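>>> what would the 3D arrangement of this be:
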Amino acid sequence: DSWTFDAFALDKASRGRPLSTLSFYLLHRSGLMQTFQMKPRQVALFLTKLEAGYRNNPYHNRTHAADVLQTMHAILTRGGLISSQYCDPLSHLGCILAAAAHDYEHGGLTNDYLVSTHDDLAVLYNDRSPQESHHSARLWALLKCKEYDILTGISAADRDRLRKLVIALILGTDMKLHFTTISQFATLHRIADIKPAMQEAHTTVLIEKSRSRGAMNLLAEQAVKPPADDAERTLSLQIALKAADIGHCAESLPVHLAWVEALEAEFFAQGDREKAAGLPVSPLMDRDKPGVSKSQAGFYDFVAIPLFHNFSQVFPGATPLRDLLLDCYRYWRSKQSPAATP
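Next up, the predicted model:
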């Protein structure tokens with residue numbers, strides 16, 4: 001339940017099975033396995049098969065999936081989504097499935113690469129979120145198999161609702177849709193744009209951090225207004241999974257740095273592939289130039305901080321997660337030279 005989590009340690013302790021181990025534990029502990037009449041042995045078979053579909057990429061692998069799952073669990077349980085009617089048991093199950101499968105069979109390549117090379121996935125999905133569409137489709141193909149169908153205790157209507165939610169959550173992790181999704185969430189909840197404050201981000205961070213810590217207990221106790229409809233509920237859960245997907249940005253610094261190193265390795269591998277094929281090398285993927293480890297402050301400024309800020313404005317219980325994010329942000333700001341500081 002902790003806001004911080006070392007998925008690498010879980011990978012080691014579980015002997016390379018972090019995702020199936022954590023997924024089974026959460027389904028059992030939450031009571032969802034019993035609520036939806038799942039057979040433990042079949043759940044174990046399904047989760048083992050799902051985990052086996054994750055490839056040995058440096059970043060998009062089973063350990064990353066476990067990390068995202070744990071962060072999603074913390075957000076749902078400690079961030080106030082379950083207690084505020086944003087997440088009923090069926091939605092809770094959907095969130096676990098979506099987090100666990102959100103990068104299922106990821107090829108370690110970006111959507112832009114798949115589209116530009118006319119990869120089979122890009123052709124199949126008409127260049128629209130090919131990776132995410134594949135992750136979702138392959139999950140449901142797996143659940144169609146009698147051996148792995150853990151949803152037999154769910155009515156047809158609830159299964160359709162569950163499928164709709166899981167698809168929406170997984171497709172929502174496509175970074176191409178990030179700013180549109182964030183804008184919709186901010187507009188819905190009338191959240192002020194914090195971009196102007198980014199002009200003096202280092203000062204803003206210190207002020208915001210001080211305020212949040214001084215009022216953390218009060219914020220956590222504030223009631224969250226229930227969602228007006230299913231659309232608002234789904235959008236909020238999409239934002240939650242998006243935050244969980246980059247949750248390593250709010251981990252303890254050593255764990256966060258390990259994830260950045262893994263992401264950079266995966267990006268450089270794609271860059272090498274592009275060079276070998278005579279293609280233009282994608283930004284941050286040329287190992288002969290600065291990679292993602294040199295651009296983290298900007299990622300925090302324009303992606304991570306607005307995301308976590310907006311989410312914590314609606315769900316104050318998640319404020320500690322935002323503060324942990326700011327700890328890592330201060331590290332990256334300190335690594336920049338004065339000349340590079342905005």
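
>>> low-confidence regions, the chain specifically.
Counting by pLDDT under 70, the chain shows low-confidence ranges at 194-222, 337-342.

>>> and the residue nearest the centre of it?
With the centre of the chain defined as its mean C-alpha position, the nearest residue by C-alpha atoms, centre = their mean is residue 245, 1.5 Å away.

>>> contacts only, for that residue.
Counting by C-beta atoms under 8 Å, 6 or more residues apart in numbering, residue 245 makes contact with 68, 102, 173. All C-beta spots, glycine's among them, are computed from the backbone N, C-alpha and C.

>>> same question for stretch 255-273: list its buried residues.
Buried positions in stretch 255-273, judged by neighbour count with 16 or more other C-beta atoms under 10 Å: 255-260, 262-271, 273.

>>> what is the neighbour count of the closest residue to residue 24 other than its chain neighbours?
Counting by C-beta to C-beta, 6 or more residues apart in numbering, residue 47 is the residue found nearest to residue 24 once chain neighbours are left out, at 5.7 Å. For residue 47, the tally of surrounding residues (other C-beta atoms under 10 Å) stands at 21.

>>> do the same with the one 10 residues further on
Residues near residue 57, counting by other C-beta under 10 Å, number 19.

>>> if we look at the helix or strand harbouring residue 256, which residues are touching it?
Assigned by DSSP states H and E, residue 256 belongs to helix 253-276. Residues outside helix 253-276 that contact it (C-beta under 8 Å, 6+ apart) are 4-8, 57-60, 64, 67, 108-110, 113, 248-251, 280-282, 284-287, 291-293, 296, 327-328, 331.

>>> in helices, which of these appear?
7-8, 64, 67, 113, 296, 327-328, 331 (DSSP state H).

>>> now those: which count as buried?
7-8, 64, 67, 113, 296, 327-328.

>>> start and end of stretch 137-154, how far apart?
Between the opening and closing residues of stretch 137-154 there is a gap of 20 Å (C-alpha to C-alpha, to the nearest Å).

>>> distance from that stretch to the middle of the chain?
Taking C-alpha atoms, centre = their mean, to the nearest Å, one finds stretch 137-154 lying 23 Å from the centre of the chain it belongs to.

>>> got it, and stretch 237-245?
Centre to centre, stretch against its chain (C-alpha atoms, centre = their mean), the figure for stretch 237-245 is 5 Å.

>>> also stretch 106-113?
Relative to the centre of its chain, stretch 106-113 is centred 16 Å away, using C-alpha atoms, centre = their mean.

>>> show me what it is in contact with.
With contacts defined as C-beta under 8 Å, 6+ apart, stretch 106-113 is touched by 54-55, 57-61, 114, 119, 121-122, 129-132, 135, 174, 176, 266, 269-270, 273-274, 282.

>>> select only the buried ones of those in PyMOL?
Of these, the buried ones go into a single PyMOL selection, burial set by 16+ other C-beta under 10 Å:
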select buried, resi 54+57+58+59+60+61+114+119+121+122+129+130+131+132+135+174+266+269+270+273+274+282
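
>>> let me see the ranges of the helices in the stretch 101-250 of the chain.
Ranges of helices in the stretch 101-250 of the chain, per DSSP state H, counting those that start in this stretch, are 111-116, 120-124, 130-144, 156-171, 178-189, 201-214, 216-221, 230-245.

>>> just the ones you listed: most buried one?
A comparison of the helices of the stretch 101-250 of the chain by mean neighbour count, using mean count of other C-beta atoms under 10 Å, puts helix 230-245 on top with a mean of 21.

>>> what angle sits between that one and helix 156-171?
50 degrees (axes from the mean of the first three to the mean of the last three C-alpha atoms, to 10 degrees).

>>> pretty sure residue 30 sits against residue 87.
No: if you go by C-beta atoms under 8 Å, residue 30 and residue 87 don't touch, sitting 10.8 Å apart.

>>> what about those two, which has more around it?
Neighbours were tallied for residue 30 and for residue 87 using other C-beta under 10 Å; the higher tally belongs to residue 87 (24 against 18).

>>> list the contacts for the more buried one?
The contact partners of residue 87, by C-beta under 8 Å, 6+ apart, come to 76, 81, 95, 233, 237.

>>> let me have those residues in JSON lines, extended by distance to residue 168.
Converted to JSON lines, these look like this (distance: C-beta to C-beta, whole Å):
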{"residue": "76", "distance to residue 168": "16"}
{"residue": "81", "distance to residue 168": "15"}
{"residue": "95", "distance to residue 168": "11"}
{"residue": "233", "distance to residue 168": "10"}
{"residue": "237", "distance to residue 168": "8"}
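
>>> farthest pair in those?
For the contacts of residue 87, the maximum inter-member distance is 12.4 Å, found between 76 and 233 (C-beta to C-beta).

>>> compare the contacts of residue 245 and tell me which is most surrounded.
The residue in the contacts of residue 245 with the most neighbours, by other C-beta under 10 Å, is residue 102 (28 neighbours).

>>> tell me the spacing between residue 84 and residue 313.
Shown here: residue 84 relative to residue 313, a distance of 14 Å by C-beta to C-beta, to the nearest Å.

>>> one more: residue 307?
Taken as C-beta to C-beta, the spacing of residue 307 relative to residue 313 amounts to 11 Å.

>>> when those two are compared, which one has more neighbours?
When neighbours are counted by other C-beta under 10 Å, residue 307 comes out ahead of the other of residue 307 and residue 313, with 24 against 19.
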